[in-house]
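Q: How does the following fold in three dimensions:
(2 chains)
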Protein chains: 2
Amino acid sequence: MAKKIFELEKTSGKARAGTITLAHGQVQTPIFMPVGTRASVKTMGQDDLEEIGAQIILGNTYHLYLRPGHELIEKVGGDLHGFMNWKRPILTDSGGFQVFSLSDLRKLTEEGVTFQSHLDGSYHMIGPEKSMEIQKALGSDIVMAFDECPALPATKERLRESMELTLRWAQRSRNYPLRDSQNLFGIIQGGLHHDLRTECMERLREMGFEGLALGGLSVGEKNEEMVNFLENFVHTMPSDGPRYLMGVGTPLDILNGIKAGVDMFDCVLPTRNARNGQFLTHKGPMNIKKERFKEDKLPPDPECSCKVCRRYSRAYIRHLYLVGEYLAGQLITYHNLHFYLDTVRRARAAIFEDRFDEFYLAFYKEYSSNQYF
Amino acid sequence: MAKKIFELEKTSGKARAGTITLAHGQVQTPIFMPVGTRASVKTMGQDDLEEIGAQIILGNTYHLYLRPGHELIEKVGGDLHGFMNWKRPILTDSGGFQVFSLSDLRKLTEEGVTFQSHLDGSYHMIGPEKSMEIQKALGSDIVMAFDECPALPATKERLRESMELTLRWAQRSRNYPLRDSQNLFGIIQGGLHHDLRTECMERLREMGFEGLALGGLSVGEKNEEMVNFLENFVHTMPSDGPRYLMGVGTPLDILNGIKAGVDMFDCVLPTRNARNGQFLTHKGPMNIKKERFKEDKLPPDPECSCKVCRRYSRAYIRHLYLVGEYLAGQLITYHNLHFYLDTVRRARAAIFEDRFDEFYLAFYKEYSSNQYF
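A: Numbers count the residues shown, from 1 in each chain, chains lettered A, B, ... in the order given. Have a look, this model is predicted:
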């Protein structure tokens, strides 16, 4: 039943390089997807995204449903691609995570989730069918099944209940007729319990999804626990479809994910932290506000080839940040996303040359040196 | 004593086309200068400015003196060009206007102005020598003499006093040794009084400036009064130097200025109004917030060739603006500055073809149609 959209091209240890073929183009994995919550990757024009080599971006169903509304997007643009004039692939999340994390007074039932908008308090219900309806209107290349994402820590009993609900919702998502151009990913839940995760994965496989995602990670557990879980679990996932680790993470998390066999990542960290003045560099995070950069003529990341590092000094960007110039957030965002995309490109190249572990160790060591702390 | 930096190439009626030769490059007039108050034209990277063909930008002495400080700029970058890595010409204002309009508890004496910073209440004194010291450190191609800018309406007596002070300050500015690469412009004050303005101009001429500016306009008088004044006065200014109308104005103000013989303009309007959702288009201002643009698939300005109008719809940008996405202000700013620069380029072309009046009438008629009100 599931379409085959992924071609595995090379492995290096458990790390994989492949190609995902979608209606709006091919995506070369491992890949990082910049987050364009409200039909915009914050401060980045679509031409900027093309310039840094973004191959696929993420849109948030919850936000787009509330504003401007999926009907408007479909009416004006035909789909989200047309609305924002982004011609490359798009993945949309299911809205589940935001419903649980952003809205007020939510009520969870078998049918779905009733919640009040975080914007105006209006009442809404999103369940699997509604989530599919919205994502169908958005015309995303990859649609995520509607799931419940419990906060960790949680009891195993609670996690099983949640997993069972997620599975019933997954089947209802799968039953919903999407556009021919769209692909549906199932979401594996189950906390840090290997047995629950495995059971969830097996039952999702039977439903026939075009790819599988790991949800419910980086939601409160220790980083070490997540890394261990990934190391032990990801390689057991089907090798003939893409593996997507949702909402993760730091540059090192992404390296660890790739090492464990993950193909796709998204995270707001490079964009959100940019607006707080944090450059992510080869030698670790750099808080540009620091006094030590006041007269620093060096580029933010001397090893980086992006247009920001080629043109501007730390002292200049620090000034922009401290006086509140918009350009500061724009420049840091551009660099950070370039850094993430460059990192996954280099990881892919290392996999093709079967020297991923070497790349991993060198990157890890350099990044962890935290030279700017 | 004054260097000759301006070559008059063509006239069409009173409108002029020429070239200003500066240390960092040539500027083709008539020209509009985007305002980069704090070493950044808001939301625009220096590459964006190059892309839209900005030939010269403006920096604000008052703001740069307070943050990050002219010494820091000189130390880090050698000058403002180096600090922000903008290789084309820069004009800096004298700081006078901001001292009078932004600071608290100012005290005006023959020596200069004592004021409290609008940022932290700290005390400072700027007079002609201090203004020159700051602008010398900034290394701007065009330095403005320190002047007093009285608010209109004002009595003629008050205006004369102010003019006399401005003239004494102009001489002190002229006496200050700047860099060889720098040029100094005198500022003509005198309100709407033709005789005061003429006297001020003649006395400034004797001091030998590389160009002359008209200050104290668009500061409270009726637009019609300003237009009439320009029409009657500008053509009496020296024809062998650049004529700069400070802080003006709307697209029609700029057309009227060019028609009267002005060569240089600056104004925050295209950048400031952008952040309030106002596109400036061939058919007048457009407030993108309006409900009528909700489902509008057209580009903001269908007659515009900028990258924003080539890629995005009104409906999309309206959405960005209403949800508060940074990209909205960035896109509108980019278009507005492109529109201003395109307008002066077209005016220049029309002057060379000696059809400026025709261009003026057509532009005026189309812009005044206010199609989006």
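
Q: If I look at the residue positioned nearest the centre of chain A, what pLDDT would I see?
A: What sits nearest the mean C-alpha location of chain A, by CA atoms, centre = their mean, is A:D266, with 1.5 Å. Here the pLDDT value assigned to A:D266 is 98.

Q: so what's it closest to, chain neighbours aside?
A: Closest residue in space to A:D266, ignoring its immediate chain neighbours: A:M33 at 4.2 Å, by CB to CB, 6 or more residues apart in numbering or on different chains. No exception for glycine: its C-beta is placed from N, CA and C like everyone else's.

Q: do the same with A:E358
A: Nearest to A:E358 is A:A350, by CB to CB, 6+ apart, at 7.2 Å.

Q: who touches that neighbour in this structure?
A: Applying CB atoms under 8 Å, 6 or more residues apart in numbering or on different chains, we find A:A350 in contact with A:S12, A:F356, A:E358, A:F359, A:Y360.

Q: Distance check, the residue of the stretch 101-250 of chain A found nearest chain B against A:M44.
A: Nearest residue of the stretch 101-250 of chain A to chain B, counting by CB to the nearest CB: A:L119, 9.1 Å away. As for A:L119, its distance to A:M44 is 23 Å (criterion: CB to CB, to the nearest Å).

Q: again with A:D296
A: 25 Å.

Q: more crowded one of those two?
A: Ranked by neighbour count (other CB atoms under 10 Å in any protein chain shown), A:D296 and A:M44 place A:M44 first, with 24 against 17.

Q: Read off the pLDDT value for that one.
A: The predicted local confidence for A:M44 is 98.

Q: could you say which helix or strand contains the closest residue in space to it that isn't next to it in sequence?
A: Of all residues not flanking A:M44 in the chain, A:T333 sits nearest, at 6.2 Å (CB to CB, 6+ apart). For A:T333, the enclosing helix or strand under DSSP states H and E is helix A:326-352.

Q: got the angle for that helix vs helix B:326-352?
A: 110 degrees (axes from the mean of the first three to the mean of the last three CA atoms, to 10 degrees).

Q: following helix A:326-352, which helix or strand shows up next?
A: Heading C-terminal from helix A:326-352 (DSSP H and E), you reach helix A:356-368.

Q: Now do the buried residues in that next one.
A: A:F356, A:F359, A:Y360, A:F363, A:Y367 (16 or more other CB atoms under 10 Å in any protein chain shown).

Q: Give me the pLDDT for the last one.
A: At A:Y367 the predicted local distance difference test score is 98.

Q: repeat for the second one
A: Reading off the per-residue confidence, A:F359 sits at a pLDDT of 98.

Q: which residues does the residue in chain A sticking out farthest from the centre contact?
A: Most distant from the centre of chain A: A:E295, at 35.8 Å, with distances by CA atoms, centre = their mean. Residues in contact with A:E295, defined by CB under 8 Å, 6+ apart, are A:A315, B:L72, B:K75, B:V76.

Q: again, but for A:E210
A: So A:E210 contacts A:A2, A:K3, A:K4, A:I5, A:I142, A:N183, A:L184, A:F185, A:G241, A:P242 (CB under 8 Å, 6+ apart).

Q: Chain A against chain B: which residues are in contact?
A: A:38-40, A:42-47, A:63, A:67-68, A:72, A:75-77, A:83-85, A:294-295, A:297, A:307, A:311-313, A:315-316, A:319-320, A:322-323, A:325-327, A:329-331 (CB under 8 Å from any CB of the partner chain).

Q: Distance from the chain centre to stretch A:357-369, please.
A: How far stretch A:357-369 lies from its chain's middle: 22 Å, per CA atoms, centre = their mean, to the nearest Å.

Q: Which parts of the stretch 51-200 of chain A are strands?
A: For the stretch 51-200 of chain A, the strands defined by DSSP state E, counting those that start in this stretch occupy A:57-59, A:90-92, A:104-108, A:113-116, A:123-126, A:142-144, A:183-188.
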